[in-house]
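Colleague: Show me the folded form of this:
(chains A and B)
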Amino acid sequence: MSKTFDIIILGGGPAGYVCAIRAAQLGLTTALVERSKLGGVCVNVGCIPSKALLHSAYVANLVQHDAKKLGVTVGDVSLDFAAAVKHSRQVSEQNSKGVGFLMKKHGVTVIEGTGTIGKGRTVTVDGTTYPAEKAVVLATGTRVKGLPQVGLELDGTKVISTDEALFLQEIPSSVAIVGAGAVGCEFADIFNAFGAKVTLIEMLPQILPIEDAEAAEALRKVYKKRKIDMLVSAKVSKGEVGDDGVTISVEVDGKTKEVKADMVLMAAGRALNLEDIGLEEAGVELDERGFVKVDEQLRTTAEGVYAIGDIAGPPMLAHKGSREGALVAEMVAGRTPHPITYDNIPSVTYCHPEVASIGLTEEQCKAQELDYVVGRFPFSANGRARAAMETDGFVKIIRGKRYGEILGAHVVASHASELIHELAVARENEYTVEEIDLAIHAHPTLSEAVAEAALDSLGRALHI
Amino acid sequence: MIADPDEDISGVVGGAAGATAPEAAEPEEPVEAAAKPEERTAPAAPAAPSPAEPRPTGEAGRRIKASPLARRLAEERGLDLAALSGTGPGGRIIKRDVESAEVAAPTAAPAPEGGYQDVELTQIRKTIAKRLVQSIGPVPHFFLTSEVDMERAWEARARLNALEQGPRISFNDIILKVVAQALVEHPSCNAWWMEDRIRYFRDVHLAVAVAVDDGLITPVIRHADRKSLREIATESRELAERARERKLTPEEYTGGTFSVSNLGMFDIDQFTAVINPPEAGILAVGSITEKPVVTDGDLEVRRRMRLTMSCDHRVIDGATGARFLQSVTLMLENPLALVW
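Modeller: Sure, this is the predicted structure:
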């Protein structure tokens, strides 16, 4: 037996490392086991590097399309995806180092290697078994996956995942993207901005299938203008990899359509990292969907073993995992933290314009037969958006008719990711649309559109 | 139960209790504007905005932590936030607390077998509930009961009605006339409790509980002390009729200074009525029944009636109430006293 810790966490992504920090802050001796780089998918091959590439895409569009009108004439524009990737990698590496620094700062012991759990709260890494006095926390996350059942197994060159896309040294002339959720839509934006011909293929009836239909439609219009092809209600039936690219057979409206591209990016779902980590041995059961079975306090079926982040169930979002990590740390330290409001987790797609949402979509309100009123405000009527030539999108607030509660909010805007949090705070505190209006919004800001949408839901918008 | 077969008693039915409210039309005291929450969705344009929505506070003036949504839910459902415990951060009352409170409270008792009908509360039922709860809670009641010999009143009424001039007189009319007269003699019972003072009235405005289809209402006989028995009989009949037809205007059922509630026609011997604040007293009238009574050593059968007066002790003390009741008894037992 080697060193004993109060709490041992498997996985150094946003769920695991936040859990480690909070546990250490609360005085627990803490170990974090990571087989690759600290920060996990988010920092290394997910959220962070893709945001860097998306910013490059934004600048590419800005200088090519809007700069001249804004009074900045640039000469011949050349796009260098390798340089964009280089910047993106630097950001990731800095952030990963930053996580390492945070571990050191809080006195968290980082154990490099692949951990497996055993009976009675133990974790084994490279033959060494570490007992956990209080808890073992599983935060092993997810990985990319292909669609081998239709012939689209990831091969790293022609059938790629985001793991490869983030490292490409040059942009292919054409890309098919399977899956038009947040990841698919973001990479469509990046590839399109750097000059590739992009075809987005989505099985469900709209791009961004979990978003409000109106928000998805707003993005569809922008993408259409940017000449991104989109196939919805489209089922991939076959993929064939040849020397000169990939041919994908897609069934749309009962007809089979062929999509040819140099490369296909698989962006439909992720695989859970639950194999070979000793779940059975430790007595950790899975639920019928394959996630780790947890109760409301994120306890698994094994005593003293918790699961957080992607493996504990949807939504698979870094900020959801981080909150779960902090919550478990508090509970293990003997505190009674406030439970997580799972119906109040913002969802953001960082394409241009960005799409952000919280709460229910209008479609969900209808399905639940709620009595609601929709308030809208378009950015075409917002001075700040006009000044920046970023008038695409709107704020949509769904107000409960009777009490004025914010059932859901949907923002499509250049900075929707930042605007959504006013509504997150409002919902978390059970503010009604009237409290949104009562708070004075600075002029001129994009946030004014949030206040106006709140007013519009009361039938008294001012600037439209 | 004693009433002539042809006597119309349906109108002047006493309610179980104090009855609906004088919404105390208070000309002298303008309602403070700041105390009224501003209409949230559409503030009246010229009105000065209220500085802040009044926040419900606990007993000691402590601010109750509750989300805006929880406040609205509680307000609409008539729940008192002070009675709820919060499960939000720092004990803040949130939506689910209000919702679970509601589920926990009234539906706890299972409905008995045999089917039932849920009936929405009418406005009148809500007002009755609100007023009575207000009353029995903060109003310190006490009760005085007295048995009255009604032989002479019986005879007087029979003779008057035999004249067949003017309206038929009911026992209730006689009681109203007597109470009005007694209140003139005992102004200390003709009063309102005004929280910071007691308002004694010079005039007597008698509120009479009248049963209507879905509740009860208390039309007021104004200046009952200046009205003859015939006038009271006419007016009480007319008011009762209009009450049943729902044609009373608010002025006609507010502003009483004392109430009379009569359940005699339901064979109720005696009962206690709930004071209708801000009034300080109410007289509950039971049925007239024949009873064996010992008078001067002889056993006789006499018509007797029980009166119970509910008093707000903040206004009326025991002896004060007792003297008032004595006067009422005296006049009922000696109807000629009315013309003294």
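Colleague: Give me the residues contacting the longest helix along chain A.
Modeller: Scanning chain A for the helix with the most residues, using DSSP state H, yields helix A:81-105. Outside helix A:81-105, the residues within contact range by C-beta atoms under 8 Å, 6 or more residues apart in numbering or on different chains are A:12, A:17, A:20-21, A:32, A:37-39, A:43-45, A:48-50, A:52-53, A:56, A:108, A:110, A:166-171, A:194. Any C-beta I mention is one placed from the backbone N, CA and C, and that applies to glycine too.
Colleague: Sort out for me which of these are in helices.
Modeller: Per DSSP H, those map to helices at A:17, A:20-21, A:43-45, A:48-50, A:52-53, A:56.
Colleague: And the residue of the stretch 1-150 of chain A closest to chain B?
Modeller: Minimum separation of the stretch 1-150 of chain A from chain B (C-beta to the nearest C-beta) falls at A:Arg22, amounting to 17.0 Å.
Colleague: returning to that earlier point: which one of the ones in helices among the contacts of helix A:81-105 sits in the busiest neighbourhood?
Modeller: When the ones in helices among the contacts of helix A:81-105 are compared by neighbour count (other C-beta atoms under 10 Å in any protein chain shown), A:Ala20 ends up highest, at 33 neighbours.
Colleague: ok, that residue to A:Tyr306 distance?
Modeller: For A:Ala20, the distance to A:Tyr306 (C-beta to C-beta, to the nearest Å) stands at 13 Å.
Colleague: so what's the residue of the stretch 1-150 of chain A closest to chain B up against?
Modeller: Counting by C-beta under 8 Å, 6+ apart, A:Arg22 has contacts A:325-326, A:329-330.
Colleague: So which of those residues is the closest to B:Pro335?
Modeller: Of all the contacts of A:Arg22, A:Glu330 has the smallest distance to B:Pro335: 81.8 Å, by C-beta to C-beta.
Colleague: Can you classify the closest one by secondary structure?
Modeller: With DSSP: H, G, I helix; E, B strand; the rest coil as the basis, A:Glu330 sits in helix.
Colleague: Touching, it and A:Leu26? I think so.
Modeller: Yes. Counting by C-beta atoms under 8 Å, A:Glu330 does reach A:Leu26; the two are 6.9 Å apart.
Colleague: Tell me which stretches of the chain form helices.
Modeller: I'll assume chain A. According to DSSP H, the helices that chain A contains are A:14-25, A:40-45, A:47-61, A:81-105, A:162-165, A:182-193, A:213-225, A:279-282, A:318-332, A:362-367, A:383-387, A:416-428, A:433-438, A:448-457.
Colleague: hm, I was asking about chain B
Modeller: Using DSSP H, the helices of chain B run over residues B:68-77, B:95-104, B:123-136, B:151-162, B:171-185, B:229-244, B:250-253, B:318-333.
Colleague: Could you tell me the end-to-end distance of stretch A:259-269?
Modeller: In terms of C-alpha to C-alpha, to the nearest Å, the two terminal residues of stretch A:259-269 are separated by 21 Å.
Colleague: correction: stretch A:438-453
Modeller: End-to-end for stretch A:438-453, by C-alpha to C-alpha: 13 Å.
Colleague: Need the contact partners of it.
Modeller: When contacts are defined by C-beta under 8 Å, 6+ apart, stretch A:438-453 is touched by residues A:375-379, A:381-385, A:387, A:394-397, A:409, A:411, A:413-415, A:419, A:422-423, A:436-437, A:461-464.
Colleague: beta partners for A:Ile7?
Modeller: Beta-bridge pairing of A:Ile7 under DSSP bridges involves A:Thr30, A:Ala135.
Colleague: wouldn't it be in contact with A:Ala31 here?
Modeller: Yes. Counting by C-beta under 8 Å, A:Ala31 is a contact partner of A:Ile7 at 7.5 Å.
Colleague: okay, A:Glu112: pLDDT?
Modeller: With respect to pLDDT, A:Glu112 scores 97.
Colleague: correction: B:Pro138
Modeller: pLDDT recorded at B:Pro138 is 72.
Colleague: Quick one: neighbours of it, just the number.
Modeller: B:Pro138 - counted by other C-beta under 10 Å - has 12 other residues nearby.
Colleague: what do you get for A:Arg35?
Modeller: Neighbourhood size, A:Arg35 [other C-beta under 10 Å]: 15.
Colleague: Assess the claim that it and A:Val110 are in contact.
Modeller: No. Counting by C-beta under 8 Å, A:Arg35 stays clear of A:Val110, with 11.4 Å between them.
Colleague: number of nearby residues for A:Ala84?
Modeller: Using other C-beta under 10 Å, A:Ala84 has 23 neighbouring residues.
Colleague: In the stretch 201-340 of chain B, which residue sits nearest chain A?
Modeller: Closest to chain A within the stretch 201-340 of chain B is B:Asp214: 26.2 Å, counting by C-beta to the nearest C-beta.
Colleague: Quick check: closest non-adjacent residue to A:Ile248.
Modeller: A:Val259 (4.6 Å; C-beta to C-beta, 6 or more residues apart in numbering or on different chains).
Colleague: how deep is that neighbour tucked in, by neighbour count?
Modeller: 20.
Colleague: Let's see the pLDDT reported for it.
Modeller: Model confidence at A:Val259 (pLDDT) stands at 97.
Colleague: dump the residue contacts of it.
Modeller: By C-beta under 8 Å, 6+ apart, the contact list for A:Val259 reads A:176, A:199, A:201, A:231, A:247-248, A:250.
Colleague: can you check A:Ala215 too?
Modeller: By C-beta under 8 Å, 6+ apart, the contact set of A:Ala215 is A:208, A:355, A:357, A:396, A:410-412.
Colleague: Tell me how far it lies from B:Glu147.
Modeller: For A:Ala215 relative to B:Glu147 (C-beta to C-beta), the value is 79 Å.
Colleague: Residue numbers of chain A in contact with chain B?
Modeller: A:338, A:402-405, A:429-432, A:434-435, A:458, A:460 (C-beta under 8 Å from any C-beta of the partner chain).
Colleague: can you rerun that using 10 Å?
Modeller: Where chain A comes near chain B, counting by C-beta under 10 Å from any C-beta of the partner chain, the residues are A:337-339, A:341, A:400, A:402-406, A:426-435, A:438, A:458-460.
Colleague: Need the overlap of contacts for A:Arg35 and A:Val110.
Modeller: A:Gly12 (C-beta atoms under 10 Å, 6 or more residues apart in numbering or on different chains).
Colleague: Mind listing what's buried along stretch A:302-317?
Modeller: A:302, A:304-313, A:316-317 (16 or more other C-beta atoms under 10 Å in any protein chain shown).
Colleague: measure A:Leu53 to A:Phe167 for me?
Modeller: Distance, A:Leu53 to A:Phe167, by C-beta to C-beta: 11 Å.
Colleague: now swap in A:Val91 and tell me
Modeller: For A:Val91, the distance to A:Phe167 - C-beta to C-beta - is 14 Å.
Colleague: what is in contact with those two at once?
Modeller: Counting by C-beta under 10 Å, 6+ apart, the contacts common to A:Val91 and A:Phe167 are A:Pro49.
Colleague: looking at the chain, which helix or strand is least sure?
Modeller: I'll assume chain A. helix A:433-438 (a mean of 94; mean pLDDT, DSSP states H and E).
Colleague: meant chain B actually
Modeller: Per mean pLDDT, DSSP H and E, helix B:123-136 ranks last in chain B, at a mean of 69.
Colleague: Alright, calling it a day.
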